[in-house]
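Asker: for reference, the sequence and a predicted model appear below.
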Amino acid sequence: MFRRTFWFTAGAAAGVWATAKVNRKIKQLTPESLAAQAADKALVAGHRLKGFALDVREGMVRREAELGEALGLQAPVDPDLPVQRHFAVEAAEPDGRKSPATYRKLPYNSYNRNEDH
């Protein structure tokens, strides 16, 4: 009699445990849950990518400083010399005009037949 009660109780407990496990897995596989899991993983990947980019930028700055020291670019500048200004090619002039090197003028009378097509 006790054996039957023990096995009945063990079977009922195993059934309840298995049912709870299956229901939990089914809830994990709903579209809303899958979307939430994907969003969480995308956020984690974004944070890792941002950390990687910050590490690369830090290493880049450190290496530029090392190269600047090795090449003597960080040496003090003589105050009598004029200031060297480095402009990007696309940079505008100080008064807001574009410099002539920033754009290319095409000829008004082009003989290229493929230009209009």
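Answerer: Happy to help now that I have it.

Asker: what is the longest helix along the chain packed up against?
Answerer: Identified as the longest helix of the chain according to DSSP state H is helix 31-71. Contact partners of helix 31-71 among helices and strands, from 3 or more CB pairs under 8 Å, 6 or more residues apart in numbering; DSSP states H and E: helix 2-28. C-beta coordinates here come from the backbone N, C-alpha and C atoms, glycine included.

Asker: quick check: angle from the helix it packs on to helix 31-71?
Answerer: In terms of direction (axes from the mean of the first three to the mean of the last three CA atoms, to 10 degrees), helix 2-28 departs from helix 31-71 by 60 degrees.

Asker: contacts for stretch 18-28?
Answerer: Under the contact criterion CB atoms under 8 Å, 6 or more residues apart in numbering, stretch 18-28 has outside partners 33, 34, 37.

Asker: now it: average pLDDT?
Answerer: Averaged across stretch 18-28, the pLDDT comes to 93.

Asker: may I have it as PDB, with CA atoms only?
Answerer: Output of stretch 18-28 as PDB, limited to C-alpha atoms (Å, rounded to 0.1, in the frame of the first residue of the first chain):
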ATOM      1  CA  ALA A  18       7.100  18.500 -16.600                       C
ATOM      2  CA  THR A  19       3.900  20.500 -17.200                       C
ATOM      3  CA  ALA A  20       5.500  23.600 -15.600                       C
ATOM      4  CA  LYS A  21       8.700  23.100 -17.600                       C
ATOM      5  CA  VAL A  22       6.800  22.800 -20.900                       C
ATOM      6  CA  ASN A  23       4.600  25.800 -20.200                       C
ATOM      7  CA  ARG A  24       7.700  27.900 -19.400                       C
ATOM      8  CA  LYS A  25       9.300  26.800 -22.700                       C
ATOM      9  CA  ILE A  26       6.100  27.600 -24.600                       C
ATOM     10  CA  LYS A  27       6.000  31.100 -23.100                       C
ATOM     11  CA  GLN A  28       9.700  31.600 -24.200                       C
END
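
Asker: no further questions, thank you.
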